[in-house]
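**Q** Build me a model from this:
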Amino acid sequence: MSIISASRRNDIPAFHHAWLMERIREGYVEMRNRAGQTQRVSLDPADVDCLVLWTKDIRPMLDSGELDELAELGIPFYVQHTLTGYDTSIERGLGADKKDIAAACVELADRFGAEHLVWRYDPLLTAPGYAVSDHLRDFTYLCRCLEGATDEVVTSNLDVYGKLKSRLSATGIAPLTDTEVAKLVPQMVKIATAHGMRISACSELAFHDYGVAQAHCIDAKRVERVCGHAVDTTKDPTQRRLCGCVRSIDIGWYGHCAHNCIYCYANR
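**A** Numbering: from 1, shown residues only. Down below sits the predicted model:
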């Protein structure tokens, strides 16, 4: 059995959910592995420990009844849902009102349980017109919206990969400085805790000094709670050294996410 990730590379729930459900109904997906070879991955419910859905907008799958269909098919799932306060100058294709998306996250938790939702407030960055004080305002507001809908919020500082340098430089977007981290992150811990959430971080050793736990986005413990049985806890060798994720199979592809966020490493 395996954990299926859909997907770090693309927002499948927002833009390709019909394709995903078609492949699940067929029971398999064909994809190219790192060696360029075609690989058939089983999506038969008997072969899937858990389906981890990564998205900035779960509404298409929620409103269409596709999440209900996953449950009916016996495919355990949970959602890694990114929700920030950034506007369309940063998350350029995400024109929806964030209040509506937050309400959809609450509805997801009401229907399936809070174990099925992990909120991502990341990446942390500053931009012209968006400072640390804006993070405190928006993070507080979103914590109020999502209280009771999830027990965990994941965060991280912006990683400036090589191909992003010119794009970010041209827009004035930058990761938080050490001083800004020291100002913001301890406040985020207090705010999250006050709203019943544990805050964790992806590959951010410096955040641990402020009471932030190590994140496990593909989390064996959460998977086991959702699916009801033990799973392989081997660290994913394809992820960064500090990553806490266990092994999974990602069935996404790069270059087809219409959110078109300026900071995204998956946009080419």
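
**Q** Contacts for stretch 153-167 next, please.
**A** For stretch 153-167, contacts defined as Cβ atoms under 8 Å, 6 or more residues apart in numbering pick out 80, 118-125, 143, 146, 168, 173-176, 181, 185, 188, 192, 197-204, 207, 212, 215, 217, 262-263, 265, 268. For every residue, glycine as well, the C-beta is placed using N, CA and C.

**Q** Mind checking which of those residues are in strands?
**A** Those of the contacts of stretch 153-167 mapping onto strands are Q80, V118, W119, R120, R198, I199, S200, A201, per DSSP state E.

**Q** With G162 as the reference, measure out to the second one.
**A** Translated: V118. Computed as Cβ to Cβ, to the nearest Å, the V118 to G162 distance reads 29 Å.

**Q** out of these two, which sits in the more crowded spot?
**A** V118 (24 against 7; other Cβ atoms under 10 Å).

**Q** List the contacts of that one.
**A** Counting by Cβ under 8 Å, 6+ apart, V118 has contacts Y78, V79, Q80, H81, T150, E152, V153, V154, C217, D219, R222.

**Q** Go again with 6 Å.
**A** Q80, E152 (Cβ atoms under 6 Å, 6 or more residues apart in numbering).

**Q** and if you look at S200?
**A** Neighbour list for S200: V154, A213, A215 [criterion: Cβ under 6 Å, 6+ apart].

**Q** Can you name the residues bridging to it?
**A** Counting by DSSP bridges, S200 is bridged to V154, A213.

**Q** Going along the chain, name the helices of the stretch 101-250 of the chain.
**A** Remark: helices assigned in the stretch 101-250 of the chain by DSSP state H, counting those that start in this stretch are 132-146, 165-171, 178-194, 220-227.

**Q** how about a markdown table for those helices, with mean pLDDT, mean neighbour count and distance to Q39 added?
**A** Converted to a markdown table, the helices of the stretch 101-250 of the chain look like this (pLDDT from 0 to 100; neighbours: other Cβ atoms under 10 Å; distance: least, Cβ to Cβ, whole Å):
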| stretch | mean pLDDT | mean neighbour count | distance to Q39 |
| --- | --- | --- | --- |
| helix 132-146 | 98 | 18 | 36 |
| helix 165-171 | 88 | 12 | 32 |
| helix 178-194 | 98 | 17 | 39 |
| helix 220-227 | 96 | 18 | 22 |
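
**Q** residues of stretch 121-132 that come out buried?
**A** If you call a residue buried by 16 or more other Cβ atoms under 10 Å, then stretch 121-132 has these buried ones: Y121, D122, P123, L124, L125, T126, A127, Y130, V132.

**Q** got a markdown table for these, with distance to D11 too?
**A** Below are the buried residues of stretch 121-132 laid out as a markdown table (distance: Cβ to Cβ, whole Å):
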| residue | distance to D11 |
| --- | --- |
| Y121 | 17 |
| D122 | 15 |
| P123 | 15 |
| L124 | 20 |
| L125 | 19 |
| T126 | 24 |
| A127 | 21 |
| Y130 | 22 |
| V132 | 27 |
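
**Q** Would you mind measuring from the closest residue to A174 other than its chain neighbours to V132?
**A** Nearest non-adjacent residue to A174, counting by Cβ to Cβ, 6 or more residues apart in numbering: T126, 5.6 Å away. Counting by Cβ to Cβ, the gap from T126 to V132 is 7 Å.

**Q** List the contacts of the most centrally placed residue in the chain.
**A** Centroid-nearest residue in the chain, with Cα atoms, centre = their mean: Q80, separated by 3.5 Å. Q80 makes contact with W54, V118, R120, C217, according to Cβ under 6 Å, 6+ apart.

**Q** which non-adjacent residue is nearest it?
**A** With sequence-adjacent residues excluded and distances taken as Cβ to Cβ, 6+ apart, Q80 is closest to W54, at 4.7 Å.

**Q** how would you label the one you found: helix, strand or coil?
**A** Following DSSP: H, G, I helix; E, B strand; the rest coil, the label given to W54 is strand.

**Q** That one: how many residues sit nearby?
**A** 24.

**Q** Now do the same contact list for it.
**A** Applying Cβ under 6 Å, 6+ apart to W54 gives the contacts S7, R8, Q80.

**Q** Kindly report the same for I101.
**A** D57, L83.
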